[in-house]
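1. Dropping the sequence and predicted coords here.
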Amino acid sequence: MNDIKISPHFKLKEFQSRDTQEVKISKELIDKLEILRSYLEGHPLVINSGYRTPEHNEAVNGAPQSKHMDGIAADIRKLPGYTIDEMAEQAERAGFTGIGKYSWGIHVDVRPYDARWDWR
């Protein structure tokens with residue numbers, strides 16, 4: 001149902017909550033993801049998690065105030081050939097305000113203030 005192209009390289013279904021397929025997504029997030037993709041030499045970005053319903057967020061032990069529930073966050077799988085630090089540097093360059101580093105990849109979001117963390 002959500003197999004709709006919402007930008008040159010992303011489909012709506014990539015951001016749907018895993019429990020209900022419901023989607024809430026920010027245009028600013030998508031625009032910055034497109035910029036990030038270009039900064040990473042056009043490598044496809046694999047979205048591990050986009051929007052999460054409050055129930056799904058709780059089920060995956062997400063932060064109580066997770067930006068995923070606002071539709072302004074995405075978790076991106078580590079790209080081959082890039083370190084987590086390199087991906088985070090390019091996310092900063094792309095204009096993301098929230099950037100988290102994990103062993104599996106990075107979290108990016110477009111919250112109204114800067115936040116950085118490293119949970120590797």
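-> Thanks, I have the structure now. Numbering: from 1, shown residues only.

2. CA atoms of stretch 36-46 as CSV?
-> This file holds the C-alpha atoms of stretch 36-46, laid out as CSV (Å, rounded to 0.1, in the frame of the first residue of the first chain):
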residue,chain,number,x,y,z
LEU,A,36,23.2,12.7,2.8
ARG,A,37,22.9,10.1,0.1
SER,A,38,24.6,12.4,-2.3
TYR,A,39,27.4,13.1,0.2
LEU,A,40,27.9,9.4,0.5
GLU,A,41,28.6,9.1,-3.2
GLY,A,42,25.1,8.1,-4.1
HIS,A,43,25.2,4.8,-2.1
PRO,A,44,21.6,3.7,-1.3
LEU,A,45,20.7,4.3,2.3
VAL,A,46,19.0,1.4,4.1
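
3. Contact partners for the residue most central in space within the chain?
-> Nearest to the mean C-alpha position of the chain, by C-alpha atoms, centre = their mean, lies residue 74 at 1.5 Å. Residues in contact with residue 74 (C-beta atoms under 8 Å, 6 or more residues apart in numbering) are 15, 29, 33, 47, 49, 50, 107, 108, 109. No exception for glycine: its C-beta is placed from N, CA and C like everyone else's.

4. if you set the cut-off to 7 Å instead, what comes out?
-> 15, 29, 33, 47, 49, 50, 108 (C-beta atoms under 7 Å, 6 or more residues apart in numbering).

5. Same list (these) but as TSV, adding neighbour count.
-> Formatted as TSV, those follow (neighbours: other C-beta atoms under 10 Å):
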residue	neighbour count
15	25
29	23
33	25
47	18
49	21
50	25
108	27
